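Participant: model the structure of this input:
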Amino acid sequence: MDSGFDQLIAAFQIFKKYSGASHPTCCDHDQLMVVVDPALVSEKDQETLEELGFHANPENSNFCSFRFGSC
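Facilitator: Next up, the predicted model:
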(Lines give C-alpha, C1' and ligand atoms only; values in the text may rest on other atoms or scores of the structure.)
Protein backbone atom coordinates (compact mmCIF):
# COMPACT_ATOMS: atom_id res chain seq x y z
CA MET A 1 0.00 0.00 0.00
CA ASP A 2 1.24 3.49 -0.82
CA SER A 3 1.94 5.82 2.06
CA GLY A 4 -0.18 8.86 2.73
CA PHE A 5 2.57 10.99 1.22
CA ASP A 6 2.53 8.92 -1.98
CA GLN A 7 -1.23 9.37 -2.28
CA LEU A 8 -1.07 13.08 -1.52
CA ILE A 9 1.68 13.56 -4.12
CA ALA A 10 -0.34 11.58 -6.69
CA ALA A 11 -3.33 13.86 -6.08
CA PHE A 12 -1.18 17.00 -6.34
CA GLN A 13 0.26 15.75 -9.64
CA ILE A 14 -3.28 15.55 -11.01
CA PHE A 15 -4.16 18.99 -9.67
CA LYS A 16 -0.99 20.44 -11.22
CA LYS A 17 -2.32 19.55 -14.70
CA TYR A 18 -5.27 21.90 -14.16
CA SER A 19 -3.76 24.85 -12.30
CA GLY A 20 -0.53 26.76 -11.98
CA ALA A 21 -1.71 28.80 -8.98
CA SER A 22 1.02 30.17 -6.76
CA HIS A 23 -1.14 29.55 -3.65
CA PRO A 24 -3.10 26.40 -4.57
CA THR A 25 -4.17 25.22 -1.09
CA CYS A 26 -5.70 26.39 2.16
CA CYS A 27 -6.92 24.67 5.33
CA ASP A 28 -9.98 25.45 7.40
CA HIS A 29 -11.86 23.42 10.00
CA ASP A 30 -9.94 20.16 9.46
CA GLN A 31 -10.32 20.45 5.71
CA LEU A 32 -7.60 20.78 3.08
CA MET A 33 -8.91 22.72 0.10
CA VAL A 34 -7.26 22.78 -3.32
CA VAL A 35 -8.12 25.69 -5.58
CA VAL A 36 -8.85 23.79 -8.78
CA ASP A 37 -12.26 24.14 -10.43
CA PRO A 38 -13.88 20.67 -10.73
CA ALA A 39 -15.48 21.79 -14.02
CA LEU A 40 -11.99 21.77 -15.59
CA VAL A 41 -11.00 18.29 -14.34
CA SER A 42 -11.67 15.21 -16.46
CA GLU A 43 -14.11 12.61 -15.16
CA LYS A 44 -11.34 10.02 -14.95
CA ASP A 45 -9.13 12.33 -12.90
CA GLN A 46 -12.07 13.21 -10.63
CA GLU A 47 -12.62 9.49 -9.98
CA THR A 48 -8.93 9.04 -9.12
CA LEU A 49 -8.99 12.09 -6.86
CA GLU A 50 -12.04 10.67 -5.08
CA GLU A 51 -10.16 7.43 -4.47
CA LEU A 52 -7.25 9.48 -3.09
CA GLY A 53 -9.53 11.30 -0.64
CA PHE A 54 -10.38 14.54 -2.47
CA HIS A 55 -14.00 15.42 -3.11
CA ALA A 56 -15.17 17.88 -5.76
CA ASN A 57 -16.93 20.94 -4.40
CA PRO A 58 -18.39 22.65 -7.49
CA GLU A 59 -20.24 25.30 -5.42
CA ASN A 60 -16.89 26.68 -4.23
CA SER A 61 -14.90 25.77 -7.37
CA ASN A 62 -12.47 23.60 -5.44
CA PHE A 63 -11.66 20.14 -4.10
CA CYS A 64 -11.52 19.28 -0.39
CA SER A 65 -10.16 16.52 1.76
CA PHE A 66 -10.97 15.75 5.37
CA ARG A 67 -8.44 12.92 5.20
CA PHE A 68 -5.46 15.16 4.52
CA GLY A 69 -6.81 18.24 6.28
CA SER A 70 -7.57 16.80 9.69
CA CYS A 71 -5.32 17.64 12.61
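Participant: for the chain, which segments count as strands?
Facilitator: Secondary structure of the chain (DSSP state E): strands located at 25-28, 31-34, 55-57, 62-65.
Participant: what's in contact with the first one?
Facilitator: With C-beta atoms under 8 Å, 6 or more residues apart in numbering as the test, strand 25-28 has contacts from Leu32, Met33, Val34, Val35, Gly69. Bear in mind the C-beta positions are built from the backbone N, C-alpha and C, glycine included.
Participant: which secondary structure element of the protein has the lowest mean pLDDT?
Facilitator: When the helices and strands of the chain are scored by mean pLDDT, DSSP states H and E, strand 25-28 comes last with a mean of 91.
Participant: isn't Asn57 up against Pro38?
Facilitator: Yes. Counting by C-beta atoms under 8 Å, Asn57 touches Pro38, with 7.0 Å between them.
Participant: so where's this structure uncertain?
Facilitator: By pLDDT under 70, the weakly predicted segments of the chain are 1, 70-71.
Participant: other SSEs contacting the longest helix anywhere in it?
Facilitator: Identified as the longest helix of the chain according to DSSP state H is helix 4-18. Counting contacts by 3 or more C-beta pairs under 8 Å, 6 or more residues apart in numbering; DSSP states H and E, helix 4-18 packs against strand 31-34, helix 43-51.
Participant: buried residues in that helix, which are they?
Facilitator: Within helix 4-18, the residues that qualify as buried are Gln7, Leu8, Ala11, Ile14, Phe15, Tyr18, counting by 16 or more other C-beta atoms under 10 Å.
Participant: which of the strands of the chain sits closest to Leu49?
Facilitator: strand 62-65 (6.3 Å; C-beta to C-beta).
Participant: sorry, back to before: shared neighbours of Asn57 and Pro38, anything?
Facilitator: By C-beta under 8 Å, 6+ apart, the residues touching both Asn57 and Pro38 are Phe63.
Participant: picking up where we left off before, can you list the strands of the chain in CSV and add distance to Leu49?
Facilitator: Formatted as CSV, those follow (distance: least, C-beta to C-beta, whole Å):
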stretch, distance to Leu49
strand 25-28, 14
strand 31-34, 9
strand 55-57, 8
strand 62-65, 6
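Participant: and the ones you listed as a markdown table, adding mean neighbour count and distance to Ser3?
Facilitator: Below are the strands of the chain laid out as a markdown table (neighbours: other C-beta atoms under 10 Å; distance: least, C-beta to C-beta, whole Å):
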| stretch | mean neighbour count | distance to Ser3 |
| --- | --- | --- |
| strand 25-28 | 13 | 19 |
| strand 31-34 | 19 | 17 |
| strand 55-57 | 16 | 21 |
| strand 62-65 | 22 | 16 |
